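> please find the sequence and the predicted model below.
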Amino acid sequence: MTITLAEWKDSLLDVGAIGFPKEIEVNGAFTSLIGSRPAYAKATIRLEPAEEFQADTTALGSDQLVQGYARSVIFGVLDVLMTTHSYAMSKVKIAVIDIDHDEVESTLRAFRLAGREAARKVFELR
């Protein structure tokens, strides 16, 4: 049997989706090693109720490096929102409103992990 990631994604939403209850702003950070290499990432996100999934990075400007980091933050947040509850929490707007990065130590992976940490904080504050 072959299973694709697209099938997995579709199956998350097949069982239903729930919305996000209120607006909340949190910070996520990852400052540790990935393998033997230091990694650094910090992000501030705002989650808001929405009719369908939305992502917003306009507060960060148009720098391609920063936009790439913001995309990784959003993926990290989704990693948590889509799998923490019985139903996918996909009726949400995720706005990345600030990024702090280091020219040497920041990586896409570190920003994804910072996004996961931010999303976990959301559930602690609810």
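Nice, I can see it.
> tell me the secondary structure at the residue lying closest to Gly28 once chain neighbours are set aside.
With C-beta to C-beta, 6 or more residues apart in numbering as the measure, Ala118 is the residue that lies nearest to Gly28, at 2.8 Å, once sequence neighbours are left out. All C-beta spots, glycine's among them, are computed from the backbone N, C-alpha and C. On the three-state scheme (DSSP: H, G, I helix; E, B strand; the rest coil), Ala118 is labelled helix.
> next one: Ala118 from Glu51, what distance?
Between Ala118 and Glu51 the computed distance is 23 Å (C-beta to C-beta, to the nearest Å).
> more neighbours: those two, which one.
Neighbours were tallied for Ala118 and for Glu51 using other C-beta atoms under 10 Å; the higher tally belongs to Ala118 (27 against 8).
> need the contact list for the more buried one.
Ala118 is in contact with 26-28, 43-45, 73, 76-77, counting by C-beta atoms under 8 Å, 6 or more residues apart in numbering.
> likewise Ala114?
By C-beta under 8 Å, 6+ apart, the residues touching Ala114 are 28-30, 41-43, 73, 76.
> may I see the residues you listed arranged in a markdown table, with secondary structure, pLDDT and distance to Asp56 as well?
A markdown table is the format used below for the contacts of Ala114 (DSSP: H, G, I helix; E, B strand; the rest coil; pLDDT from 0 to 100; distance: C-beta to C-beta, whole Å):
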| residue | secondary structure | pLDDT | distance to Asp56 |
| --- | --- | --- | --- |
| Gly28 | strand | 98 | 16 |
| Ala29 | strand | 98 | 21 |
| Phe30 | strand | 97 | 22 |
| Ala41 | strand | 98 | 19 |
| Lys42 | strand | 98 | 18 |
| Ala43 | strand | 98 | 13 |
| Val73 | helix | 97 | 12 |
| Gly76 | helix | 96 | 16 |
